[in-house]
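# Show me the folded form of this:
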Amino acid sequence: MKKHPMRLGTLLRALCLLSFISAGSAYAATLEEVLGVRSSTTVDGAKSQAKIDELTEQTRDLLTPYKQVMKVVDGLRVYNEQQRRLISNQEKELAELEQSIDNVTVIERQIVPLIERMIENLEKFVDLDIPFLINERRERIDFLKDTLDRADVSVAEKFSQVLQAYQVENTYGTTIEAYTDTIELDGKSRQVDMLKWGRVALVFQTPDAETTGVWDNNARNWVILGDEFRTGVRDGLRIARKTQTADLVRLPVPAPGE
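From the prediction side, this is the model:
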């Protein structure tokens, strides 16, 4: 049976149209899916960006106090290093102090006998010296002896007091002094004016200037002087009391011996 040409063409056109419609429908479906995905991606991207912005803001908020904390940490690190050096130096000083304490203990055991010997030698020196201000000087020595046995006085203070006593004795050799004293003359106690001229001479004169004498340290006794020394001793007393200007005076001076 023969097909009709016109009917066949119509059928072909119908098939083409159907294919085009089917293809269009498929294309439209694919575009809608693409647009849907793209729209979904845009929304998700916006959400992600918002999340990123939020995290960035949070990070910025955390970064500021972090930087502040790091500054504090850096300061503490420098401070701790300085403290470590300080502690190290203090430990060295402590070790030196401990060594010094040990040394002081040794020195203290040696210095106490030294102080005692110095007091004994000073007492012997005063006893052998010319007897000026003898009561004052012996009281000073008694004070040193009492202090030596006191537990409430440090060894350093005891040593300092002994040195001061030696300095006072040394000063006596360069000063002149006038004072009143009582001495034994011919078995009688006489009040006299005493003149100490350094350690060169120790002379006396009675208040009425009738009797003038000098201490003889070799004989350990008083010796009466002649009238030729009366004026010199009187002027010496006045100079020592600052009632007369300094001047040359005639005093008995022992001659140097062997």
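# Just say helix, strand or coil for the most centrally placed residue in the chain.
With distances taken as Cα atoms, centre = their mean, Glu93 lies nearest the centre of the chain, 11.9 Å away. At Glu93 the chain is in helix, as set by DSSP: H, G, I helix; E, B strand; the rest coil.
# Quick one, grab the pLDDT at it.
Looking at Glu93, its pLDDT reads 88.
# What are the contacting residues of stretch 121-141?
Outside stretch 121-141, the residues that touch it by Cβ atoms under 8 Å, 6 or more residues apart in numbering are 119, 144, 162, 165-166, 168-169, 172, 177, 179, 194, 196, 199, 202, 215, 217. C-beta coordinates here come from the backbone N, C-alpha and C atoms, glycine included.
# how near is the residue nearest to the centre of the chain to Arg241?
56 Å (Cβ to Cβ, to the nearest Å).
# Repeat that for Glu98.
Applying Cβ to Cβ, the value for Glu98 to Arg241 is 57 Å.
# Could you check which of the two has the larger neighbour count?
Taking neighbours as other Cβ atoms under 10 Å, Glu98 and Arg241 compare with Arg241 leading, 14 against 10.
# all strands for the stretch 101-250 of the chain, in order.
Remark: strands assigned in the stretch 101-250 of the chain by DSSP state E, counting those that start in this stretch are 176-185, 188-197, 201-205, 212-216, 221-224.
# Can you list the low-confidence ranges for the protein?
Along the chain, segments meeting pLDDT under 70 span 1-41, 43-45, 255-258.
# all helices of it, in order?
With helices called from DSSP state H, the chain shows them at 5-128, 134-148, 155-172, 230-240.
# Kindly export the shortest one (C-alpha atoms) in CSV.
As requested, the backbone C-alpha atoms of helix 230-240 are provided in CSV (Å, rounded to 0.1, in the frame of the first residue of the first chain):
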residue,chain,number,x,y,z
ARG,A,230,107.4,80.6,141.4
THR,A,231,106.7,83.2,138.7
GLY,A,232,106.9,80.8,135.8
VAL,A,233,104.5,78.3,137.4
ARG,A,234,102.1,81.1,138.3
ASP,A,235,102.1,82.5,134.7
GLY,A,236,101.7,78.9,133.4
LEU,A,237,98.6,78.5,135.6
ARG,A,238,97.2,81.8,134.2
ILE,A,239,97.9,80.8,130.6
ALA,A,240,96.2,77.4,131.1
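# other SSEs contacting that helix?
strand 176-185, strand 188-197, strand 201-205 (3 or more Cβ pairs under 8 Å, 6 or more residues apart in numbering; DSSP states H and E).
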